[in-house]
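[1] kindly generate the corresponding structure for this input.
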Amino acid sequence: MTRIETTTAGSLPRTEALIAANAARTFEDDGFTLKSTPEFEALVAEATRDVVDRQREAGITQPGDGEFGKAMSNAVDYGAWWTYSFQRTAGLEITGKDIFSQEPVRSEPGNVRLTTFPDRRDWTAFAAAYQDPEGGISVGKNATAFPATTGPISYTGQDAIAADTRNLVAALKPGERGFLTAIAPGSAARIENEFYATEQEHIDAWVDALREEYRAVTDAGLILQLDDPSLAENWDQINPEPSVEDYLAFTQIRIDAINRAIEGLPKEQIRLHLCWGSWHGPHTTDIELKHILKTVLGANVGQISFEAANARHEHEWAVWDEQRDLIPDDLILVPGVVSHATNLVEHPDLVAQRIERFAKIVGPERVIAATDCGLGGRVHPQIAWAKLESLGEGARRARV
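    All right, here's what the predicted structure looks like:
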């Protein structure tokens with residue numbers, strides 16, 4: 001039988017020492033870029049080696065750095081996968097605006113616009129549940145100070161990405177392939193724009209800036225995972241609900257941005273991560289995969305990572321089967337087979353069954369089993385590692 005490769009979607013639980021050291025860091029004058037020290041960098045390097053070793057022990061064959069090099073800033077506490085980009089980009093500024101008190105933005109046919117942060121439709125439909133402190137689904141309470149684009153965007157993260165690649169390469173064994181995450185242009189551009197004349201110019205500026213980071217990852221021989229929840233999650237952030245046609249046109253701009261940003265890079269080293277957002281909520285306003293799959297498959301990437309284990313989207317494995325003629329012959333599918341959205345640890349036999357579904361569609365050599373989204377900060381560390389062990393064991397049990 002073919003051996004199924006395994007990986008994660010990025011974030012893994014940080015150690016207590018790393019969390020404490022990160023919290024003790026001070027800010028540069030801009031208010032959101034964290035200062036670093038040689039001692040902190042050494043701690044990150046050591047933690048990266050440890051987390052790669054632990055992934056390997058759990059049965060993960062394509063490990064990442066857990067996003068340990070992407071510091072969470074207390075000023076913009078919404079997830080390192082996104083906020084790290086603020087700390088590696090010039091042209092941004094904390095404006096002091098509270099995102100929970102902004103005037104609501106409304107979209108209209110032919111002019112799709114993202115709504116204000118607290119006005120997303122899932123949060124509105126289940127307002128009582130989100131506001132209930134015992135409800136278990138409140139999110140974003142600390143995310144009140146996002147930067148805005150107030151000047152020309154340029155990349156300043158050369159030292160940071162060099163450290164990320166150096167730490168992960170040093171942790172890998174000979175012949176082992178690892179991956180690093182990086183935000184995609186469309187998701188990066190979701191902050192407020194106060195400088196560029198149009199939304200397209202704003203996205204284009206992020207394309208030019210982030211291309212440098214992408215090339216650094218692939219030049220190091222690593223897999224580049226482009227995190228772009230905007231492709232699916234934006235649907236919930238448009239109020240009122242747009243037509244599917246208008247949304248696909250809006251999304252195509254983000255796909256085109258990806259393709260411009262990765263032009264000339266080795267396709268086989270690029271993975272696109274698609275998700276509907278990682279918050280623990282009802283997700284009844286998620287767009288269905290069947291509506292966006294053709295558009296998403298226009299991204300010129302070698303792998304696509306997507307949620308296939310959580311209760312809202314697991315059934316959509318059938319969409320891949322129904323639309324298999326759209327799947328490029330060289331595309332590797334990276335389905336999530338354990339979920340970040342539940343404390344239940346998936347049984348290895350269930351994991352194996354989920355893997356087998358996709359192996360029957362594209363062949364086992366074109367399937368890498370993964371997590372739905374990053375596990376760090378979304379489930380307890382003990383549960384996160386139990387899920388990865390189940391992922392590794394399920395991949396071994398898969399009958400492909």
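[2] a helix runs through Thr285, doesn't it?
    No - judged by DSSP: H, G, I helix; E, B strand; the rest coil, Thr285 forms no part of a helix; its state is coil.
[3] touching, it and Arg121? I think so.
    Yes - taking contacts as CB atoms under 8 Å, Thr285 lies within contact range of Arg121: 4.3 Å. For glycine as for every other residue, the C-beta is placed from the backbone atoms N, C-alpha and C.
[4] who touches both of these two?
    Residues within reach of Thr285 and of Arg121 at once, by CB atoms under 8 Å, 6 or more residues apart in numbering, are 236, 241.
[5] just checking, what packs against the biggest strand by length in the chain?
    Ranked by number of residues, the top strand in the chain under DSSP state E is strand 147-155. Other helices and strands packing on strand 147-155, by 3 or more CB pairs under 8 Å, 6 or more residues apart in numbering; DSSP states H and E, are strand 89-94, strand 192-193, helix 199-219.
[6] just the C-alphas of the longest one, formatted as CSV.
    Written as CSV, here are the backbone C-alpha positions of helix 199-219 (Å, rounded to 0.1, in the frame of the first residue of the first chain):
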residue,chain,number,x,y,z
GLU,A,199,-8.7,48.5,-3.4
GLN,A,200,-6.9,47.0,-6.4
GLU,A,201,-3.9,49.2,-5.9
HIS,A,202,-3.8,48.2,-2.2
ILE,A,203,-3.8,44.5,-3.1
ASP,A,204,-1.2,45.1,-5.7
ALA,A,205,1.1,46.7,-3.2
TRP,A,206,0.8,43.7,-0.9
VAL,A,207,1.6,41.5,-3.9
ASP,A,208,4.9,43.3,-4.5
ALA,A,209,5.8,43.3,-0.8
LEU,A,210,5.0,39.7,0.0
ARG,A,211,6.7,38.3,-3.1
GLU,A,212,10.0,38.8,-1.4
GLU,A,213,9.0,36.6,1.6
TYR,A,214,7.6,33.9,-0.7
ARG,A,215,10.8,33.6,-2.6
ALA,A,216,12.9,33.4,0.5
VAL,A,217,10.9,30.3,1.6
THR,A,218,11.1,28.5,-1.7
ASP,A,219,14.8,29.4,-2.2
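[7] only the buried residues of stretch 217-235, if you could.
    Applying a neighbour-count criterion of 16 or more other CB atoms under 10 Å, one finds 217-218, 220, 222-235 buried in stretch 217-235.
[8] inside strands: which ones of these?
    Using DSSP E, 223-227 are the members of the buried residues of stretch 217-235 that sit in strands.
[9] which one of those sits closest to Pro38?
    For Pro38, the nearest member of these is Leu224. The distance, counting by CB to CB, is 27.2 Å.
[10] residue boundaries of the helices in the protein?
    For the chain, the helices identified by DSSP state H occupy 16-23, 38-58, 80-83, 121-125, 127-131, 158-171, 185-188, 199-219, 230-233, 244-261, 289-296, 317-322, 348-362, 381-397, in order along the chain.
[11] what about Arg366, how many neighbours?
    The number of residues packed around Arg366, counting by other CB atoms under 10 Å, is 18.
[12] you'd agree it is up against Leu331?
    Yes - using CB under 8 Å, Arg366 and Leu331 qualify as a contacting pair, with a distance of 7.2 Å.
[13] so Leu333 versus Ala369, what's the distance?
    Leu333 sits 10 Å away from Ala369, going by CB to CB, to the nearest Å.
[14] which one of the helices and strands packed on strand 147-155 lies nearest to Ser107?
    With CB to CB as the criterion, Ser107 lies closest to helix 199-219 of the helices and strands packed on strand 147-155, at 12.6 Å.
[15] now that closest one, how far from the centre of its chain.
    From the chain centre to the centre of helix 199-219 is a distance of 16 Å (CA atoms, centre = their mean, to the nearest Å).
[16] show me what that helix is packed against.
    With contacts taken as 3+ CB pairs under 8 Å, 6+ apart, helix 199-219 sits against strand 147-155, helix 158-171, strand 179-183, helix 185-188, strand 223-227, helix 244-261.
[17] flag every buried residue along the longest one.
    Just to be clear, that refers to helix 244-261. Going by neighbour count (16+ other CB under 10 Å), the buried part of helix 244-261 is 246-248, 250-251, 254-258, 261.
[18] so for Leu333 and Ala369, which sits in the more crowded spot?
    When neighbours are counted by other CB under 10 Å, Leu333 and Ala369 differ, and Ala369 comes out ahead with 31 against 22.
[19] can you pull the contacts of that one?
    Applying CB under 8 Å, 6+ apart, we find Ala369 in contact with 4-7, 334-335, 337, 351, 354-355, 391, 394-395, 398.
[20] how near is it to Ala309?
    Ala369 is 10 Å from Ala309, where distance means CB to CB.
[21] give the residues shared as contacts by these two.
    Both Ala369 and Ala309 are contacted by 335, 337, 354, under the criterion CB under 8 Å, 6+ apart.
[22] which of those residues has the most neighbours?
    When neighbours are counted by other CB under 10 Å, Val337 leads those with 30 neighbours.
[23] surely that residue touches Ile368?
    No - the pair Val337 and Ile368 does not pass the contact test of CB under 8 Å, sitting 10.1 Å apart.
[24] any idea of the pLDDT on Tyr78?
    pLDDT, Tyr78: 43.
[25] and for Thr26?
    Thr26 is assigned a predicted lDDT (pLDDT) of 80.
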